[in-house]
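Novice: Got a sequence here, can you model it:
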Amino acid sequence: MMHTDQSVISPTQNRVRRPQDRSREVVQAALKLFVERGFAATKLEDVARAAGVSKGLPYLYFRSKEDLFKAVIAEAILEPLALGEQYVASFEGHSADLLRALFDRYRAFNDSPSGGVTKLVIGEAGKFPDVARYFVEEIDQRGRHLFETVLKRGVERGEFRRIADIPSTVIALVSPLSMFAIWRRSLAPYDATCPTADAFHDAHLDLVLAGLRP
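Specialist: The predicted structure is shown next:
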């Protein structure tokens, strides 16, 4: 699990800081249980037990189970997202190589235990709209903006063709990656024809780069 930069994470504003703060242990335990069992099926007592803290301790840090869910999302995603933004801002090579590197980072995240959070949020969105709204506004839109930055960079440098609607192109580019990650965690074990992650990502990237070529 990556170590999260607390200065980047807005859900910490919902936490009450205390001596010998064990909130991160609670969040890490919740991440594991939420991904394995689902959000609705996991009780805060289960989280406390997995974190090795008293049953009431999570309530000292989080106002509700939904606030804990937001902190789990932040723990899993915000640091990789911030690192991706830094990488894009400092990259000096061809935009096709930058997009390829961003795909690799996206895949590495999806393959990690934290990658299960996306499937979790989508599965629980209808029951917990406040959490879903937080994910869209704080995570998904920020992630799409990162890919928009790469496409605009490539167009301005003449490395990609002109794109009429960059935001829609980003959705067409990223959605298959997210769907494949969800598929691998749900239906793929029952599908003998499921391609390997290498095969899928190579095929998708080949199509994307061919479509962007000037």
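Novice: now the protein, which segments are flagged as low pLDDT?
Specialist: With pLDDT under 70 as the threshold, the chain has low-confidence stretches at 1-20.
Novice: Now do the helices for the protein: every range, in order, please.
Specialist: For the chain, the helices defined by DSSP state H occupy 23-37, 44-51, 58-61, 65-73, 79-90, 95-111, 116-124, 129-135, 141-156, 166-184, 197-212.
Novice: Save these as CSV, and put in mean neighbour count and distance to residue 191 too.
Specialist: (Each C-beta comes from the backbone N, C-alpha and C, glycine too.) Putting these into CSV (neighbours: other CB atoms under 10 Å; distance: least, CB to CB, whole Å) gives the following:
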stretch, mean neighbour count, distance to residue 191
helix 23-37, 21, 21
helix 44-51, 18, 31
helix 58-61, 19, 38
helix 65-73, 23, 28
helix 79-90, 15, 28
helix 95-111, 17, 17
helix 116-124, 20, 16
helix 129-135, 17, 27
helix 141-156, 17, 27
helix 166-184, 17, 8
helix 197-212, 14, 12
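Novice: For residue 190, find the nearest of those.
Specialist: helix 166-184 (10.5 Å; CB to CB).
Novice: what's the angle between that closest one and helix 116-124?
Specialist: With axes from the mean of the first three to the mean of the last three CA atoms, to 10 degrees applied, the angle from helix 166-184 to helix 116-124 works out at 90 degrees.
Novice: Need the residues that contact helix 166-184.
Specialist: Applying CB atoms under 8 Å, 6 or more residues apart in numbering, the contact partners of helix 166-184 are 103, 106-107, 110-111, 115, 118-119, 122, 143-144, 147-148, 151-152, 155, 163, 194, 197, 200-201, 204, 208.
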